[in-house]
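Colleague: sequence plus predicted model, see below.
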Amino acid sequence: MAKVRPIKPGEVVSKKKEGFPDAVFEAFNELLAEKYDGDSAWFEQKEVVARMVKKGLKRNAIFDKGWLDIEEVYESAGWKVSYDKPGYNESYEENFTFKKK
């Protein structure tokens with residue numbers, strides 16, 4: 001009989017992190033290093049997607065596999081992450097804001 005057990009809440013972030021290719025973290029980390037002003041870093045989703053594609057990831061896979069859903073992983077590393085997208089009557093680019101916790 002298999003010894004599979006339910007995942008514990010404290011294990012979710014590390015399991016989620018294992019599912020991301022290195023190129024995802026490389027792209028986010030590069031933008032954080034470039035945009036961080038000592039308090040926060042803000043950048044548009046299209047910037048990080050372009051970097052991931054440049055690193056060899058397929059655009060469709062980035063969205064289909066949820067590789068932009070990094071909030072929990074970065075929050076476990078000490079960031080407060082906000083993702084903003086336009087509402088029904090709004091038009092602006094989706095973006096991320098990272099702040100130190």
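Modeller: Structure's in. What do you need? Only a predicted model underlies this, so the values are computations on that prediction, with no experimental measurement involved.

Colleague: how about the contacts made by the most centrally placed residue in the chain?
Modeller: Centroid-nearest residue in the chain: Ile70, 2.8 Å away (criterion: C-alpha atoms, centre = their mean). Counting by C-beta atoms under 8 Å, 6 or more residues apart in numbering, Ile70 makes contact with Phe20, Val24, Phe25, Phe28, Val81. Using the backbone N, CA and C atoms, a C-beta is placed for each residue, glycine as well.

Colleague: hey, C-alpha coordinates of the longest helix seen in the chain in CSV?
Modeller: If you go by DSSP state H, the chain has its longest helix at helix 22-35. The C-alpha trace of helix 22-35 is given here as CSV (Å, rounded to 0.1, in the frame of the first residue of the first chain):
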residue,chain,number,x,y,z
ASP,A,22,14.4,28.4,-12.3
ALA,A,23,13.7,30.9,-15.1
VAL,A,24,10.6,32.1,-13.2
PHE,A,25,12.7,33.1,-10.2
GLU,A,26,15.5,34.4,-12.3
ALA,A,27,13.1,36.8,-14.1
PHE,A,28,11.4,38.0,-10.9
ASN,A,29,14.8,38.3,-9.0
GLU,A,30,16.3,40.3,-11.9
LEU,A,31,13.4,42.8,-11.9
LEU,A,32,13.5,43.0,-8.1
ALA,A,33,17.2,43.8,-8.2
GLU,A,34,16.7,46.5,-10.9
LYS,A,35,13.6,48.1,-9.6
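
Colleague: what's the first helix or strand after it?
Modeller: For helix 22-35, the following helix or strand on the C-terminal side (DSSP states H and E) is strand 40-44.

Colleague: buried sites along that next one?
Modeller: By neighbour count on 16 or more other C-beta atoms under 10 Å, the buried set for strand 40-44 is Ala41, Phe43.
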